[in-house]
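A.B. asks: only geometry, no sequence info:
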């Protein structure tokens with residue numbers, strides 16, 4: 001096989017599965033795919049690739065791939081034994097993806113010291129381990145596993161992108177040495193407090209959606225932050241953003257916010273998402289001269305005049321407004337779009353539909 005990137009396509013996977021089938025049942029693994037929980041004893045997350053799919057063969061099924069391979073994408077192959085793949089011969093490997101497999105433990109990667117991108121999205125482990133020698137990593141994706149604690153990554157100081165989406169993390173911790181991170185994703189966990197981010201001075205994107213956070217706090221050191229997503233939490237007040245003067249996008253939907261406020265210093269904002277809150281008045285936005293998109297659906301807004309007063313002359317770059325699901329739409333169903341277009345003639349899109357010239 002020529003080239004330095006190896007990705008098993010559908011034909012190769014089918015051939016691999018057929019070889020496994022023909023080689024006999026003793027070379028196939030049986031898995032219990034019921035449930036979606038990890039156990040403290042084994043550290044294995046039980047989650048679901050459906051039963052009945054063919055298994056990959058045991059042993060070094062990558063033996064035909066060249067030693068100078070730089071990228072391996074091994075997706076959805078039911079792999080559950082990484083050491084059996086003998087990856088140590090791929091000395092030049094830069095990118096390795098094991099997305100959607102059955103890996104119960106991070107191991108067998110020790111020799112891949114040149115690796116820069118490791119993707120272990122959607123597997124079955126609950127502990128971070130086996131990464132001690134991977135100090136060249138710049139991107140690490142551990143999303144959709146059963147991780148409870150952020151540990152054993154403090155030596156990965158070259159990381160710029162770190163993903164922990166959909167785990168069981170309750171505390172943001174042990175990130176102080178990772179000062180080069182620009183993108184941190186912690187969505188869909190069990191986090192209650194924003195904390196321990198002070199050292200991430202180069203952070204540009206912070207994703208905290210679908211947690212249990214009640215306050216916007218401890219963000220003042222993130223001077224370079226451009227994107228903040230904290231959708232589907234338990235916020236009631238917009239606060240703690242005064243030092244984020246480079247913020248360009250903020251996503252606050254599906255919280256309990258009752259008033260638009262606290263954005264006075266965030267004059268570089270281009271996107272503001274306040275959808276699905278309890279806001280009854282559009283206000284405190286006219287200073288956002290660079291605003292391009294305002295998402296305000298699903299609130300208690302009832303005044304077209306507020307939209308005009310806040311946005312018409314003050315936000316010349318505004319192109320998109322979402323305001324459906326508010327009383328101003330429900331009470332003016334047939335004229336809603338026309339009124340919005342008259343009030344804000346600069347718009348190119350109202351809700352999901354483009355504005356006709």
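C.D. replies: Received, thanks. As the structure is a prediction and not an experimental result, all values here were calculated from the model.
A.B. asks: buried ones in stretch 136-150?
C.D. replies: For stretch 136-150, burial by neighbour count (16 or more other Cβ atoms under 10 Å) applies to 137-148, 150. The C-beta positions use only the backbone N, C-alpha and C, and glycine is treated the same way.
A.B. asks: just the residues you listed now: which is nearest residue 205?
C.D. replies: Within the buried residues of stretch 136-150, the smallest distance to residue 205 is 13.1 Å, found for residue 139 (Cβ to Cβ).
A.B. asks: report pLDDT for that closest one.
C.D. replies: You'll see residue 139 listed with a pLDDT of 98.
A.B. asks: please report the distance of it from residue 211.
C.D. replies: Computed as Cβ to Cβ, to the nearest Å, the residue 139 to residue 211 distance reads 22 Å.
A.B. asks: show me the shaky parts of the stretch 51-200 of the chain.
C.D. replies: 51-60 (pLDDT under 70).
A.B. asks: how about the secondary structure of the residue nearest to residue 172 when sequence neighbours are not counted?
C.D. replies: Spatially, and ignoring its direct neighbours in sequence, residue 172 is nearest to residue 196 (5.0 Å; Cβ to Cβ, 6 or more residues apart in numbering). Put simply, residue 196 is coil when judged by DSSP: H, G, I helix; E, B strand; the rest coil.
A.B. asks: now residue 341: phi and psi?
C.D. replies: Dihedral angles phi and psi of residue 341 (degrees, to the nearest 10) take the values phi -70, psi -40.
A.B. asks: gap between the residue most central in space within the chain and residue 155?
C.D. replies: Among the residues of the chain, residue 185 comes closest to the average C-alpha position under Cα atoms, centre = their mean, at 4.7 Å. To residue 155, residue 185 is 20 Å away according to Cβ to Cβ.
A.B. asks: what do you get for residue 199?
C.D. replies: Counting by Cβ to Cβ - residue 199 and residue 155 are separated by 15 Å.
A.B. asks: likewise residue 149?
C.D. replies: 16 Å.
A.B. asks: what do you get for residue 192?
C.D. replies: Residue 192 is 28 Å from residue 155, by Cβ to Cβ.
A.B. asks: got it, and residue 168?
C.D. replies: 23 Å.
A.B. asks: give me every residue that touches the nearest residue to residue 147 once chain neighbours are set aside.
C.D. replies: Distance criterion Cβ to Cβ, 6+ apart; nearest residue to residue 147, sequence neighbours excluded, is residue 167 at 4.0 Å. Applying Cβ atoms under 8 Å, 6 or more residues apart in numbering, one finds that residue 167 lies in contact with 142-148, 188-189.
A.B. asks: can I get those residues in TSV with distance to residue 203 and secondary structure?
C.D. replies: Formatted as TSV, the contacts of residue 167 follow (distance: Cβ to Cβ, whole Å; DSSP: H, G, I helix; E, B strand; the rest coil):
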residue	distance to residue 203	secondary structure
142	18	coil
143	18	coil
144	22	coil
145	23	coil
146	26	coil
147	20	coil
148	23	coil
188	19	coil
189	17	coil
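A.B. asks: where do the helices sit along the stretch 201-350 of the chain?
C.D. replies: Ranges of helices in the stretch 201-350 of the chain, per DSSP state H, counting those that start in this stretch, are 304-307, 327-330, 336-343.
A.B. asks: distance from the last one to the middle of the chain?
C.D. replies: Spelled out, it's helix 336-343. Its chain's C-alpha centre lies 35 Å from the corresponding centre of helix 336-343 when counted by Cα atoms, centre = their mean, to the nearest Å.
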